[in-house]
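A.B. asks: Sequence and computational prediction follow.
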Amino acid sequence: MTFTEPQPTPLALLLLGHGSDANSEKGVTCPGDLPAPSDPDLVQRAAAAKAALGDRVFILGHHYQRDEVIEFADVTGDSFKLAQQAAAHPEAEFIVFEGVHFMAESADILTADHQQVVLPDLAAGCSMADMASIGQVEECWAVLEDLGIANVTVPITYMNSTAAIKAFTGRHGGSVCTSSNAERSLAWAFERGEKVLFLPDQHLGRNTAVRDLGLSLADCVVYNPRRPRGGLTDEQLRGARVILWQGHCSVHGRFTPECVDEVRERVPGIRVIVHPECSYEVVSKADVVGSTEKIIATIAAAEPGSAWAVGTELNLVKRLAQQHPDKEIVYLDRTVCFCSTMNRIDLPHLVWALESLVDGTVPNRITVDPETAHWARVALDRMLALPGPTASRD
Ligand code: 13P
Ligand code: SF4
């Protein structure tokens, strides 16, 4: 029997923190000397470095970040709010992003030239963003051009995508969206074209098209970038209203409809609230669907004694349970865990990043080249110009 050495795919997973792949979001070794995680002075060191930097630094923290770093955030939010906040602090010389790579890229695009964006660990990427490369998206667009339907198709990309893909949507008359404004973005796109190419999260695209805009499941097709012409026939592509990219979140993709049945059986009367990155089947069984900001607001406003099963990332669910001891808050599925890349940003990396800034070095700066930044900004500005978040997703 002959043995063939397995060949890595272009998006093969690297061991986090080992090696690097400049074309993807993951796997970059930290270039500096990290403090030991066991250092008892880490909290005091982070506080001292932040105080020494004063107004020169502004720290943005996504809701999925660990408590140990969220404690030092000047503002916390979902990806929409953090994009707005990045743009709203021109006084800060340094924006330190407690989040993942695509968020830091968007912050660099939305901030002024004198501001520098720092991601404390470059291995904090996003597996969903890695499911769509710009080459694959351009290939897909060429197929639509070949069929004569590109001119009636508006591309919408979820914030969770590379700057190059945001720039692609900007160049082709499209917009960015987040989980808090996907309905508005999709409606905006249908005012401008007959079809939407939705990148890269098929679940957010399907949930929004079917549940919010009233399209049918049959109006949606899934384009598989690893198959010739997406694995779809010309008729399927011509007939679709929404062409969904075959991407998903590896955390939210793990919740199943059975998790919902099981928790309802275990805790009678419990309400289920999930993020729209969950599958259509899961979202259809939930009581409330919304972005991280909406999940937080719903639970804060819920009556004492109410019980909630939450289908989103574990750091946020744990924090909600701690903040609302008067409510019963459980995780929708006990086998689903943290987002491993969000969790890369820990206290040693934050201390290292802040102390480097105090010492006059800018570590792990995230930059986007001017041409890409220009067109990505066009797409981001179209999103930011939409009327406020809709009731169903805010
Ligand atoms: P929001 O911050 O838009 O709720 O998205 C969640 C997410 O998965 C970010 O990576
Ligand atoms: Fe990406 Fe999902 Fe992690 Fe968000 S939670 S960073 S979408 S893998």
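C.D. replies: Looks like it came in fine. Ligands and ions are numbered 1, 2, ... in the order given.

A.B. asks: which residues does the residue of the stretch 251-394 of the chain found nearest ligand 2 contact?
C.D. replies: Taking Cβ to the nearest ligand atom, ligand 2 has its nearest neighbour within the stretch 251-394 of the chain at residue 339, 3.3 Å off. To be clear about C-beta, it is placed using only N, CA and C from the backbone, and glycine gets the same treatment. By Cβ atoms under 8 Å, 6 or more residues apart in numbering, the contact list for residue 339 reads 64, 250-251, 313, 315.

A.B. asks: swap in residue 255?
C.D. replies: The contact partners of residue 255, by Cβ under 8 Å, 6+ apart, come to 274, 278-279, 282, 311, 332-333, 336.

A.B. asks: Confirm that residue 156 lies within a helix, as I assumed.
C.D. replies: No: counting by DSSP: H, G, I helix; E, B strand; the rest coil, residue 156 falls outside a helix, being strand.

A.B. asks: And it, how far from ligand 1?
C.D. replies: As judged by Cβ to the nearest ligand atom, to the nearest Å, residue 156 and ligand 1 stand 14 Å apart.

A.B. asks: Neighbours of that residue, how many?
C.D. replies: Using other Cβ atoms under 10 Å, residue 156 is surrounded by 25 other residues.

A.B. asks: what are the ranges of the strands in the stretch 151-300 of the chain?
C.D. replies: 153-158, 175-177, 195-199, 220-223, 242-245, 271-274, 288-289 (DSSP state E, counting those that start in this stretch).

A.B. asks: Distance to residue 41 for these - can I get that in TSV?
C.D. replies: As requested, the strands of the stretch 151-300 of the chain are exported to TSV (distance: least, Cβ to Cβ, whole Å):
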stretch	distance to residue 41
strand 153-158	40
strand 175-177	41
strand 195-199	44
strand 220-223	51
strand 242-245	46
strand 271-274	39
strand 288-289	42
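
A.B. asks: Mean pLDDT for the ones you listed - can I get that in CSV?
C.D. replies: Below are these laid out as CSV (pLDDT from 0 to 100):
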stretch, mean pLDDT
strand 153-158, 98
strand 175-177, 97
strand 195-199, 98
strand 220-223, 98
strand 242-245, 98
strand 271-274, 98
strand 288-289, 98
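
A.B. asks: closest one to ligand 2 among the ones you listed?
C.D. replies: strand 153-158 (8.5 Å).

A.B. asks: what residues does the closest one touch?
C.D. replies: Here strand 153-158 has contacts from 128, 141, 144, 165-166, 168-169, 172-179, 182, 185-186, 189-190, 192-201, 204-205, 243, 379, using Cβ under 8 Å, 6+ apart.

A.B. asks: restrict those to those near ligand 2?
C.D. replies: Applying Cβ under 6 Å from any ligand atom to the contacts of strand 153-158, one finds that residue 128 fall near ligand 2.

A.B. asks: Buried members of the contacts of strand 153-158 into ChimeraX, please.
C.D. replies: To isolate the buried members of the contacts of strand 153-158 in ChimeraX, using 16 or more other Cβ atoms under 10 Å:
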select :128,141,144,165,166,168,169,172,173,174,175,176,177,178,179,182,185,186,189,190,193,195,196,197,198,199,200,201,204,205,243,379
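
A.B. asks: per-residue confidence at the residue of the stretch 1-150 of the chain found nearest ligand 1?
C.D. replies: Proximity of the stretch 1-150 of the chain to ligand 1 (Cβ to the nearest ligand atom) peaks at residue 78, 3.3 Å away. The per-residue pLDDT reported for residue 78 equals 89.

A.B. asks: what about it, neighbour count?
C.D. replies: By other Cβ under 10 Å, the residues close to residue 78 number 25.

A.B. asks: Quick check: it vs residue 372, distance?
C.D. replies: 24 Å (Cβ to Cβ, to the nearest Å).

A.B. asks: Equivalent analysis for residue 330, please.
C.D. replies: 42 Å.

A.B. asks: Looking at the two, which one has more neighbours?
C.D. replies: Under the criterion of other Cβ under 10 Å, the comparison of residue 330 against residue 372 puts residue 372 first, with 21 against 17.

A.B. asks: Indicate whether the host helix or strand of that one makes contact with ligand 1.
C.D. replies: Element membership of residue 372, judged by DSSP states H and E, is helix 370-384. No: if you take Cβ under 6 Å from any ligand atom as the test, helix 370-384 misses ligand 1, and the best it gets is 11.7 Å.

A.B. asks: on that earlier part again, right, and the residue of the stretch 1-150 of the chain closest to ligand 1 touches residue 290 too?
C.D. replies: No: in this structure, residue 78 is not within contact of residue 290 by Cβ atoms under 8 Å, at 9.5 Å.
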